[in-house]
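[1] Have a look; sequence and predicted model below, questions after that.
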Amino acid sequence: MLRNPLLLTALLITGAIAVWGIVDTAGLAEFANTLVSIQFTSRAWFIMLTASVMLICCVVLALSRYGNVKLGADDDEPEFSTISWLTMLFAAGMGVGLLYWGTAEPMTHFLIASDYFIPSEAANNALFVTNFHWGLHAWAIYALTGLVIAYFSFRKGTPVLVGAPLLKVFGRGPVVRTVAWISNLLAIVAIAIGLGGSVAMGVFQVKEGVDALLGLQGTGLGLTLGIFAVLCVAYILPLTVDLSSGMAMLSNAAMATAVALMVFLLLFGPTHYLMGGILQATGDYINEVLPHGFRTFTFMDDRVGDWFQSWTLTYMVWWLAWAPFVGVFIARISRGRTIREFVCGVVLVPTIFSIFWFGIFGGVGFYAVLNTEIPILDVVQNNVSAVTYFVLGHFPLPSLTIAAVVVAAFLFIVTSVVSAAFVLGMFSTGGDLNPGVKVKLSWGVVLGALGLVMILSDSIDAVKSIIALGALPFVFIVLLLVVCLLKALKSEPAVQK
């Protein structure tokens with residue numbers, strides 16, 4: 001470990017951020033918010049252009065002659081069946097974020113949009129924006145990053161590192177080596193800080209679920225820290241052994257629980273209302289998704305501008321922060337598939353699922369707002385972490401469904417941290433596919449410390465700002481990776497099927 005400059009530098013940077021956040025949480029949050037606001041104001045157009053270009057590249061590659069190029073040798077066959085592959089893609093895309101924001105995000109956008117539109121149009125706009133945040137653009141960022149890693153690792157034989165494609169395409173000169181090293185470092189920092197934010201969101205949601213189950217109120221930071229301590233024990237132990245199959249089983253169990261919740265709400269809720277909303281949302285999304293990717297709300301008032309920065313821009317850089325982590329996972333399970341299969345599976349399937357997810361969870365919220373006196377908007381404004389439980393409390397078997405959300409959220413956090421510690425260990429040891437226990441434990445401690453920082457901030461807005469701060473530099477690296485892929489594909493012979 002002492003002979004690995006990349007590992008030491010990455011641990012030093014992320015550790016320093018963690019210590020700063022623990023000692024002066026408010027100071028770090030204020031610094032992140034100020035710097036991110038400056039960057040978002042000056043580079044909003046660049047961030048949106050990057051996300052849209054990545055989506056367009058995915059579409060072009062899937063439709064081009066390169067769509068038949070295999071991620072691996074020409075005679076490689078997929079390791080997993082299509083159904084199993086798609087199931088694992090769901091596991092990668094189904095995280096605690098969807099459980100947390102299922103109803104809360106559409107309702108939050110509705111609060112803003114209702115000042116500009118009549119209620120029904122405000123609901124349409126809120127659902128479209130939510131689908132935009134979690135749809136094609138997000139998964140195109142994941143897909144293109146994963147595609148670069150899979151193509152160069154399995155077809156060109158490079159190490160599983162973010163900087164490896166740069167060295168393969170541009171040579172190993174001192175400038176290229178430096179850029180590749182920085183790319184690996186920025187990827188590590190982005191993953192670590194992004195994962196810390198997800199840990200905080202998950203702990204907040206589990207805490208609210210425990211409160212709802214036990215009828216507690218005002219438990220404050222004590223219960224939150226207690227849940228965090230249990231979480232640390234739960235993920236530290238698996239880092240000492242090889243539990244990859246066990247982690248996959250836990251992740252799939254969490255995903256199955258989330259799907260069961262979605263079906264439960266659809267069947268026991270206003271089914272015709274929810275299905276009608278999903279159909280309309282699908283049409284709106286298909287019609288508007290590409291133009292919306294180029295919108296920067298430049299000519300709107302400050303309130304809309306602040307909302308755009310706090311949500312759309314933050315989401316785009318959030319997906320960029322997770323892109324190396326999710327990209328490696330997706331690449332790992334996609335060897336032997338063609339570029340066309342890869343892009344269609346990774347981009348389209350999770351997007352369709354997200355439209356149904358938010359159509360159901362968000363649709364339930366809109367039904368409550370537009371057709372009942374249920375005060376869901378008050379909960380959104382006062383305690384966003386409790387919104388999911390508030391919704392479930394108005395359905396049959398609330399104790400069972402709330403407990404299911406608590407368990408699913410906890411499992412998603414554990415599997416995410418264990419997987420992230422493994423990926424970070426791999427990245428920081430030159431692409432070692434089996435990083436040592438000490439390295440994984442070191443990253444487990446850092447991820448826990450970063451999660452604690454986010455928890456101590458006690459603010460979702462602060463969490464989002466800190467994540468964006470860690471991810472912003474990686475925007476430029478992603479574009480370099482796209483250039484590497486396009487240059488390398490030019491040398492591929494035409495593949496006919």
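    Ah, there it is.
[2] The stretch 351-497 of the chain: helices as residue ranges?
    376-382, 387-392, 398-427, 437-457, 460-471, 474-489 (DSSP state H, counting those that start in this stretch).
[3] where among these is the average confidence lowest?
    Mean pLDDT is lowest for helix 460-471 among those, at a mean of 76.
[4] okay, the angle between it and helix 437-457?
    Relative orientation of helix 460-471 versus helix 437-457 (axes from the mean of the first three to the mean of the last three CA atoms, to 10 degrees): 140 degrees.
[5] Output the helices of the stretch 351-497 of the chain as CSV; include the columns distance to Met316.
    Where C-beta positions appear, they are placed from N, C-alpha and C, glycine not excepted. Below are the helices of the stretch 351-497 of the chain laid out as CSV (distance: least, CB to CB, whole Å):
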stretch, distance to Met316
helix 376-382, 23
helix 387-392, 23
helix 398-427, 20
helix 437-457, 20
helix 460-471, 9
helix 474-489, 9
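[6] Among those, which comes closest to Thr296?
    Among these, helix 474-489 comes nearest to Thr296, with 15.2 Å by CB to CB.
[7] Between the helices of the stretch 351-497 of the chain, which one is closest to Gly95.
    Nearest to Gly95 among those is helix 398-427; the distance by CB to CB comes to 5.4 Å.
[8] Tell me how far stretch 453-462 lies from the chain's centre.
    18 Å (CA atoms, centre = their mean, to the nearest Å).
[9] For it, output the C-alpha coordinates as CSV.
    Extracted C-alpha coordinates of stretch 453-462, given in CSV (Å, rounded to 0.1, in the frame of the first residue of the first chain):
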residue,chain,number,x,y,z
VAL,A,453,-20.1,13.6,6.9
MET,A,454,-23.3,13.6,4.7
ILE,A,455,-25.4,12.4,7.7
LEU,A,456,-24.0,15.1,10.0
SER,A,457,-24.9,17.7,7.4
ASP,A,458,-28.6,16.6,8.0
SER,A,459,-29.5,18.2,4.7
ILE,A,460,-30.3,16.5,1.4
ASP,A,461,-29.4,19.8,-0.4
ALA,A,462,-25.9,19.7,1.3
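[10] In it, which residues are buried?
    453-457, 459-460, 462 (16 or more other CB atoms under 10 Å).
[11] ok, now stretch 32-48?
    Residues of stretch 32-48 classed as buried by neighbour count (16+ other CB under 10 Å): 32-33, 36, 39-40, 43-44, 47-48.
[12] pLDDT averaged over the strand or helix carrying Tyr100 - what is it?
    Using DSSP states H and E, Tyr100 falls within helix 96-101. On average, the pLDDT along helix 96-101 is 84.
[13] hang on, the earlier thing: and which of the buried residues of stretch 32-48 is nearest to Leu485?
    Looking across these and measuring by CB to CB, the closest to Leu485 is Ile47, at 20.2 Å.
[14] Roughly how far does the closest one sit from Gln39?
    Distance check for Ile47 against Gln39: by CB to CB, to the nearest Å, it reads 9 Å.
[15] Can you get me a residue count around Leu221?
    The tally of other residues near Leu221 (other CB atoms under 10 Å) stands at 12.
[16] Cross-check the contact I'm expecting between it and Leu452.
    No. Leu221 sits out of contact with Leu452 when judged by CB atoms under 8 Å, with a separation of 11.1 Å.
[17] Ile56 is nearest to which of the helices of the stretch 351-497 of the chain?
    Nearest to Ile56, of all the helices of the stretch 351-497 of the chain, is helix 474-489, at 10.6 Å by CB to CB.
[18] any idea how far Ala408 is from the closest residue to Pro238 other than its chain neighbours?
    Excluding the flanking residues, the one nearest Pro238 by CB to CB, 6 or more residues apart in numbering is Val418, at 5.0 Å. From Val418 over to Ala408 the distance is 16 Å, taken as CB to CB.
[19] Let me know the next secondary structure element after the longest helix seen in the chain.
    Using DSSP state H, we find that the single longest helix of the chain is helix 174-214. In the C-terminal direction, the helix or strand that comes right after helix 174-214 (DSSP H and E) is helix 220-236.
[20] Next secondary structure after that next one?
    helix 244-268.
[21] So which elements touch the next helix or strand after that following helix?
    As assigned by DSSP H and E, the chain's next helix or strand after helix 244-268 is helix 271-292. Helix 271-292 sits against helix 119-134, helix 244-268, helix 349-371, with contacts defined as 3 or more CB pairs under 8 Å, 6 or more residues apart in numbering; DSSP states H and E.
[22] rerun that using 6 Å as the cut-off
    Counting contacts by 3 or more CB pairs under 6 Å, 6 or more residues apart in numbering; DSSP states H and E, helix 271-292 packs against helix 119-134, helix 349-371.
[23] in it, what's buried?
    By 16+ other CB under 10 Å, the buried positions in helix 271-292 come out as 274, 277-278, 281, 284-285, 288-289, 292.
[24] Regarding the nearest residue to Ser459 once chain neighbours are set aside, which helix or strand does it belong to?
    In space, and not counting its chain neighbours, Ser459 is closest to Ala29: 6.9 Å by CB to CB, 6+ apart. Under DSSP H and E, the secondary-structure element containing Ala29 is helix 25-63.
[25] Can you work out which other helices and strands pack against that helix?
    Helices and strands touching helix 25-63, by 3+ CB pairs under 6 Å, 6+ apart, are helix 136-150, helix 339-343, helix 437-457, helix 460-471.
[26] any idea how far it is from the chain center?
    With CA atoms, centre = their mean as the basis, helix 25-63 stands 14 Å off its chain's centre.
[27] If I take that helix and helix 460-471, what angle do their directions form?
    Between the axis of helix 25-63 and that of helix 460-471 there is an angle of 60 degrees, by the same axes, to 10 degrees.
[28] For Lys156, what are phi and psi?
    When read as degrees, to the nearest 10, the backbone of Lys156 gives phi -110, psi -10.
[29] Check which residues of the helix or strand harbouring Leu111 are buried.
    According to DSSP H and E, Leu111 maps onto helix 104-113. Neighbour counts over helix 104-113 (16+ other CB under 10 Å) mark 104-110, 112-113 as buried.
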